[in-house]
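# Below are the sequence and a predicted model for it; my questions follow.
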Amino acid sequence: MPFDFTIRDPTDRLIAVLEAKAQRGVSADWAARFRRNLVAHFGSPDTDFFGVVTPETLFLWQRQPEGGLQEQPNFVIDLSEYFGKLPERVFRGPAFELVVSSWLSDLTDDPQPGSTPLDGTGLLEAIHNGRIILEAAA
């Protein structure tokens, strides 16, 4: 799969696919175009969640009851409390992917509902005790 991260539940079912992009100042429209281009080139993953993680924002799509993902993200979540105090060098090259991997690992191991902006998205419950797969860079 061409995505930066996949998360599988304990039964090995694909739960989420995420892309890490170290770009700042991007909008939900930018994220929607980025997702649309990925899907056009690689197909739509059969997953409950699709996310684009930037240093400032998580753009998160959730599968709809009728199936599939809508054009615009369902959730636009401020991540400045997680990544805002990190040194600028972590937003270059593969370093940002490692930061995102660590953050995702924390969420899957101990999601602490009620204490994160991800509350109410369903993502925390879905990935709890999940397995994160960091795809090799091409």
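In hand now; what should we look at? Every value quoted in this text rests on a predicted model; they were computed, and no experiment measured them.
# got the CA positions of the helix-or-strand element of the chain with minimal mean pLDDT in CSV?
Scoring the helices and strands of the chain by mean pLDDT, DSSP states H and E places helix 80-83 at the bottom, with a mean of 86. Coordinates of each C-alpha in helix 80-83 appear next as CSV, following Å, rounded to 0.1, in the frame of the first residue of the first chain:
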residue,chain,number,x,y,z
SER,A,80,-0.7,22.4,17.7
GLU,A,81,-0.8,21.0,21.3
TYR,A,82,1.0,17.9,20.1
PHE,A,83,3.5,19.2,17.5
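# So what touches the helix or strand following that helix?
Once the chain leaves helix 80-83, the next helix or strand it forms, by DSSP states H and E, is helix 95-109. Judged by Cβ atoms under 8 Å, 6 or more residues apart in numbering, the contacts made with helix 95-109 from elsewhere in the structure are 4-5, 7, 18, 20, 22, 53, 55, 82-83, 86, 89-90, 116, 118, 123-124, 127-132, 134, 137. From N, CA and C alone the C-beta is placed, and that goes for glycine too.
# ok, 6 Å please
Under the contact criterion Cβ atoms under 6 Å, 6 or more residues apart in numbering, helix 95-109 has outside partners 4, 20, 22, 53, 82, 90, 127, 130, 132, 134.
# Kindly export that helix (C-alpha atoms) in PDB.
Coordinates of the C-alpha atoms in helix 95-109 are reproduced here as PDB (Å, rounded to 0.1, in the frame of the first residue of the first chain):
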ATOM      1  CA  ALA A  95      11.700  13.000  10.900                       C
ATOM      2  CA  PHE A  96       8.100  14.100  10.800                       C
ATOM      3  CA  GLU A  97       7.000  10.600  10.000                       C
ATOM      4  CA  LEU A  98       8.800   9.400  13.100                       C
ATOM      5  CA  VAL A  99       7.100  12.000  15.200                       C
ATOM      6  CA  VAL A 100       3.700  11.000  13.800                       C
ATOM      7  CA  SER A 101       4.500   7.300  14.400                       C
ATOM      8  CA  SER A 102       5.300   8.000  18.000                       C
ATOM      9  CA  TRP A 103       2.100  10.000  18.500                       C
ATOM     10  CA  LEU A 104       0.000   7.300  16.900                       C
ATOM     11  CA  SER A 105       1.700   4.700  19.100                       C
ATOM     12  CA  ASP A 106       0.700   6.700  22.100                       C
ATOM     13  CA  LEU A 107      -2.900   6.800  20.900                       C
ATOM     14  CA  THR A 108      -3.100   3.100  20.200                       C
ATOM     15  CA  ASP A 109      -1.500   2.100  23.500                       C
END
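# Good, wrapping up.
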